[in-house]
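Trainee: Take a look and give me a structure for this.
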Amino acid sequence: MTEHSAHTAVLAAWQTGNAVDVEAALSAWTAAYDEPPVEYWVQRVYADACFERDTLAISVRNAERVARRLGDEVALARMAASVVDALYSDWRPSREARNWLDVLRDVAFARLQALPTSYRLEIAAGILAADLFGEALSTAKQVAESIAVWVDEDADTSAMVRGTALGYALEYFSGKRQWLVASDLVQQIDLLYQRPALGSAGRARVSSRRGFYYHYRRGDYFGAMLHSNEVAAQAKQASVARPRREASITVTLCHLMRGELADAEHALSLEAASIPDGHLMMRANVHYEQSWLHALRRDVVAAQRELDAACRLFAEIDEHGVMSLATPSLQAQLLLQVGEFDAALNVFEMRTRRPDAWVVDIALIEAIRHLDRNEHDAAMAALRRGLAIAARIDIKGIFWACRPEFTRLLSLAIRENIEPEWVQTAVDARLISLP
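Mentor: Numbers count the residues shown, from 1 in each chain. Predicted coordinates:
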């Protein structure tokens, strides 16, 4: 078996998206050599990362040794992309990927464009994963804007590679709330999903990413649960746990957003039971969600206890602040529930960054404070200011732990004709019953 024929067999196996076919092709390749070539090791690392193999760390060491001996920077970048993708998707701290993040940080966009499409998309997914880790790579914006074009360039690029790149581009633009671009990417994902070659592992990954990073973030909680529930069957068929865990978290969050407390509690118990041993980030997230659940029940003491536990763990492991926007907002809502309006606002004043979602929070807290003081005109001014931003960025996940207060504000907004179209979509998405 020549190297070319072995490589061709592996690429053909990827076209089925089936782990058994890929493993068989890789085994045939390594059996033909005393020391497999660097391309074998790149494919080995990619397969171990995609199919969540325990052998990933060993494969990475062997692959890095061969690539560095040959001075093959492209192979190193492709391996780095696989490692960073696996660690990011598995909610691991970025410090575990430090060496590989350095490799991706040095990839020049012009050099990336000159590579074959499949290599380009592999590395592009890793660059966006690194940027989402909080690395602020200078090439991330150009890469994200190019993925939609690159995906359509070469019909021979495997559906798994395309799906991974599209998923990261979707996450990138949804984080910036650029919904028109995100919607175009979803259309490409839908076309890809219709192809049998995507395979069950690829389908699980695409569905879990789409469920959270498009539907949930837009406030389409029904759509988010629909796509997340599809993940379980695909993940089971592919024997991969990572997308199933991500989808489980999305289902919990959707029930919480919709105020479905019994369903949320059940989903949260399933989510907690699926956490791998020693995974502190997921444990922290469960504490955060438990705090939210207690807050919906107006048990502020229990909610504060769980939030404190979550923040301690986040501070220990979440060095790039994945939850740095959500936890202050929840803290402010707990203070709001006990009438500590000034303290709630001070939560945001202590931060240097004030994203749009926080500006909405601040305005709505000010509106509640003015209402408490019978300052109707000032309350309506604050409400208009906050809902104008909410409508502009199309965010419905606000005041998630304070449904009575949110319901009161939405009722006033309808009466005063403030952003009526957005208010109706928020009412429908959150299953809010207005008086």
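Trainee: can you list the residues that contact stretch 71-85?
Mentor: Stretch 71-85 is contacted by residues 38-39, 41-42, 45-46, 48-50, 56, 60, 63-64, 66-68, 97, 100-101, 103-104, 107, 115, 119, 122-127, 129-130, 133, 164, 168 when judged by Cβ atoms under 8 Å, 6 or more residues apart in numbering. Bear in mind the C-beta positions are built from the backbone N, C-alpha and C, glycine included.
Trainee: Quick one, which of those are buried?
Mentor: Neighbour-count burial (16 or more other Cβ atoms under 10 Å) applied to the contacts of stretch 71-85 gives 38-39, 41-42, 45-46, 48-50, 56, 60, 63-64, 66-67, 97, 100-101, 103-104, 107, 115, 119, 122-127, 129-130, 133, 164, 168.
Trainee: ok, now which ones touch Asp361?
Mentor: By Cβ under 8 Å, 6+ apart, the residues touching Asp361 are 329, 332, 348, 386, 398-399.
Trainee: how about low-confidence regions in this protein?
Mentor: The chain contains residues with pLDDT under 70 at 1, 318-322, 352.
Trainee: In stretch 262-274, which residues are buried?
Mentor: Under the neighbour-count criterion of 16+ other Cβ under 10 Å, stretch 262-274 has 263-265, 267-268, 271-272 buried.
Trainee: Contacts only, for the closest residue to Gly259 other than its chain neighbours.
Mentor: Leaving aside its sequence neighbours, Gly259 sits nearest to Arg403 (Cβ to Cβ, 6 or more residues apart in numbering; 5.5 Å). With contact taken as Cβ under 8 Å, 6+ apart, Arg403 is in contact with 259, 296, 430, 432.
Trainee: Kindly provide the distance from the third one to Met257.
Mentor: So that's Arg430. Plainly put, Arg430 is 6 Å away from Met257 if you go by Cβ to Cβ, to the nearest Å.
Trainee: Next, show the common contact partners of the two.
Mentor: Common neighbours of Arg430 and Met257, counting by Cβ under 8 Å, 6+ apart, are 219, 221, 396.
Trainee: need those in a markdown table with distance to Ala24 and secondary structure, can you?
Mentor: What follows is the shared contacts of Arg430 and Met257, written out as a markdown table (distance: Cβ to Cβ, whole Å; DSSP: H, G, I helix; E, B strand; the rest coil):
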| residue | distance to Ala24 | secondary structure |
| --- | --- | --- |
| Gly219 | 44 | coil |
| Tyr221 | 41 | helix |
| Lys396 | 47 | coil |
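Trainee: Most neighbours of all those, which one?
Mentor: Most neighbours among these, by other Cβ atoms under 10 Å: Tyr221, with 25 neighbours.
Trainee: quick one on the thing from earlier: among the contacts of Arg403, which one sits closest to Gln188?
Mentor: When those are compared for distance to Gln188 (Cβ to Cβ), Arg430 wins out at 29.4 Å.
Trainee: In this structure the closest one contacts Lys396, no?
Mentor: Yes: applying Cβ atoms under 8 Å as the test, Arg430 and Lys396 come out as touching, 6.5 Å apart.
Trainee: Mind listing the shared neighbours of the two?
Mentor: Common contacts of Arg430 and Lys396 (Cβ under 8 Å, 6+ apart): 219, 257.
Trainee: per-domain residue ranges of the protein.
Mentor: Following automatic domain parsing, one gets these domains for the chain: 197-274, 276-324, 325-435.
Trainee: Now, the buried ones among the contacts of stretch 71-85 that are in helices?
Mentor: If you go by DSSP state H, these have 38-39, 41-42, 45-46, 48-50, 56, 60, 63-64, 66-67, 100-101, 103-104, 119, 122-127, 129-130, 164, 168 in helices.
Trainee: Fine by me, thanks again.
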